[in-house]
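*Asks:* I'd like to go over a predicted model; first the sequence, then the structure.
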Amino acid sequence: MDTDVIILGGGLVGATLALALAKHGVSATVIDPADPEVTLAAGFDGRASAVASASGRMLDAIGLGERLAGQGCPIAAIRVSDGLRPGALDFQPDAGDGALGVMYENKLLRRVLHDAVGDTVGIHLRMKTRAVEVVRGAAGVIATLSDGSVVRAALLIAAEGRNSPTREAAGIRTARWRYDHAAVVGAFHHERGHGNVAFEIFYPAGPFALLPLLDDAGGHRSAIVWTVDADAGPAMLKLSDRAFLHEAEKRMGGLLGALSGASPRATYPLGFHHAARVTAERLALVGDAAHGIHPIAGQGLNLGFRDVAALCEVLVEGKRLGLDLGDAQLLARYERWRGLDTFAVAFATDSLTRMFGIPGRTASAVRRFGISAVNAIPPLKDRFMAEARGEAGALPKLLEGVTV
């Protein structure tokens, strides 16, 4: 074999998987059609991602901690409310337990991962290249690339995103639907400090999330994920910065004071998809190729990182036992490990999206009662915090901060 595995897609999840495998002596060829001059440009991706504490431990374990040090904003607490009404639910860990996670701008994560992949022995990065033909068979995987070269491996891993052509070619069925919502993302400065608190304010049209970022020369700063009706997304982009900030201030109820310095905005359609299975013959799906959820709880990237940790552990242990990395039993272990967790998180986020989207005073009263109940029952509240940290269930070793 030319390489142990072929990874189609070098985004946040694909690159992290390649680094995790290389850390354990498993070689990978990463194939991605994107042009790095585009994807690494400052204005390419204005989103920010919450990296849960467990995911952060994995990034430390595979050597990214020093590269990311001091460049993210710790999340000390999460405050959830039904609109601007009284009775918020505060998730705040006990002193000494550490932050719930860290907010990183996606453009930073992309740059750090790209540089780390380029510096790591055992990873062969092929950007601006496509796999034009892939054959998966009993003897292995053969991929013919757009430049005419051929790569052979024991296993193919699809990390191509929610519209994964490899998943479709494998005949893996996917449950999917649209929410008739769009997310407007960007960042701005605000008068008062955020105190490292992430705010999730629920409105019938969808959640309005404020995510803490590090201060910069312009002062206090937060990212925003504002869910609006799908047909309102383009209109939100056409607003002047002044009008956009005025509307955001109204949704925030003056929470952080006056807003200024809006960044360029973008909008994304919101939907749900979940693959019926995440493996096939000599194939494993990771990240959005396997599942895509509403950003209501900020768990999308972390689900992908959990895929990375589980698949890495399965493959590394298999290699130590001398097994073929495309062995059906290894892939079945990965399927069992990730199947229930991804379904549970997907079901929970979909249910929350629908529950908080019900209009009317009665529905609002029920939601506020539920928020108050969770606040008043410590074990239930602790369970929600464990989910936010990515620490629920049987954790792969990397999510505990140790190598396999």
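*Replies:* Okay, I see it.

*Asks:* what are the phi and psi values for Ala198?
*Replies:* Torsion angles at Ala198 (phi, psi; degrees, to the nearest 10) stand at phi -90, psi 130.

*Asks:* Can you tell me, leaving aside adjacent residues, what's nearest to it?
*Replies:* Ile78 (4.8 Å; Cβ to Cβ, 6 or more residues apart in numbering). Any C-beta I mention is one placed from the backbone N, CA and C, and that applies to glycine too.

*Asks:* Likewise for Thr120?
*Replies:* Ala22 (5.0 Å).

*Asks:* Check which helices and strands the helix or strand containing that neighbour sits against.
*Replies:* Taking DSSP states H and E as the definition, Ala22 sits inside helix 12-23. When contacts are defined as 3 or more Cβ pairs under 8 Å, 6 or more residues apart in numbering; DSSP states H and E, helix 12-23 sits against strand 5-8, strand 28-32, helix 53-61, helix 106-119, strand 123-127, helix 300-320.

*Asks:* What residues of stretch 106-124 count as buried?
*Replies:* 106-114, 116-117, 120, 122-123 (16 or more other Cβ atoms under 10 Å).

*Asks:* Do me a favour and average the pLDDT over the lengthiest strand in the chain.
*Replies:* Counting residues, the longest strand found in the chain (DSSP state E) is strand 174-190. Throughout strand 174-190, pLDDT has a mean value of 90.

*Asks:* Name every strand pairing with it and say which way it goes.
*Replies:* For strand 174-190, the paired strands and their directions (DSSP bridges) are strand 219-229 (antiparallel), strand 259-260 (antiparallel), strand 266-275 (antiparallel).

*Asks:* need the next SSE after the first one, C-terminal direction.
*Replies:* Read that as strand 219-229. From strand 219-229, the next helix or strand downstream (DSSP H and E) is helix 233-238.

*Asks:* Who are the contact partners of Leu255?
*Replies:* Going by Cβ atoms under 8 Å, 6 or more residues apart in numbering, Leu255 touches Phe199, Leu210.

*Asks:* ranking the helices and strands packed on helix 12-23 by burial, who's on top?
*Replies:* strand 5-8 (a mean of 26; mean count of other Cβ atoms under 10 Å).

*Asks:* on contacts alone, who are the packing partners of that one?
*Replies:* Strand 5-8 packs on helix 12-23, strand 28-32, strand 150-153, strand 155-158, going by 3+ Cβ pairs under 8 Å, 6+ apart.

*Asks:* In a markdown table, list these along with mean pLDDT and distance to Glu168.
*Replies:* Below are the helices and strands packed on strand 5-8 laid out as a markdown table (pLDDT from 0 to 100; distance: least, Cβ to Cβ, whole Å):
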| stretch | mean pLDDT | distance to Glu168 |
| --- | --- | --- |
| helix 12-23 | 98 | 18 |
| strand 28-32 | 98 | 17 |
| strand 150-153 | 97 | 21 |
| strand 155-158 | 98 | 10 |
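
*Asks:* looking at these, which is closest to Gly140?
*Replies:* strand 150-153 (5.9 Å; Cβ to Cβ).

*Asks:* Tell me the bridge partners for Arg136.
*Replies:* Counting by DSSP bridges, Arg136 forms beta bridges with Val141.

*Asks:* any idea how far it is from Leu8?
*Replies:* 12 Å (Cβ to Cβ, to the nearest Å).

*Asks:* same thing with Arg221?
*Replies:* Counting by Cβ to Cβ - Arg221 and Leu8 are separated by 35 Å.

*Asks:* for Asp216, same thing?
*Replies:* To Leu8, Asp216 is 36 Å away according to Cβ to Cβ.

*Asks:* What angle do helix 106-119 and the longest strand of the chain make with each other?
*Replies:* Angle, strand 174-190 to helix 106-119, by axes from the mean of the first three to the mean of the last three Cα atoms, to 10 degrees: 110 degrees.

*Asks:* Buried residues of strand 174-190, list them for me.
*Replies:* Going by neighbour count (16+ other Cβ under 10 Å), the buried part of strand 174-190 is Thr174, Tyr179, His181, Ala182, Ala183, Val184, Val185, Gly186, Ala187, Phe188, His189, His190.

*Asks:* ok, now stretch 254-272?
*Replies:* Quick answer for stretch 254-272 (16+ other Cβ under 10 Å): Leu255, Leu256, Leu259, Ala262, Ser263, Arg265, Ala266, Thr267, Leu270, Phe272.

*Asks:* Quick one: mean pLDDT for it?
*Replies:* For stretch 254-272, mean pLDDT is 92.

*Asks:* Touching stretch 286-294 from outside, list them.
*Replies:* Under Cβ under 8 Å, 6+ apart, the answer for stretch 286-294 is 9, 11-14, 17, 157-162, 164, 166-167, 176, 179, 270-275, 278, 299-300, 303-304, 307-308, 311, 338, 342, 345-346, 349-350, 352-353.
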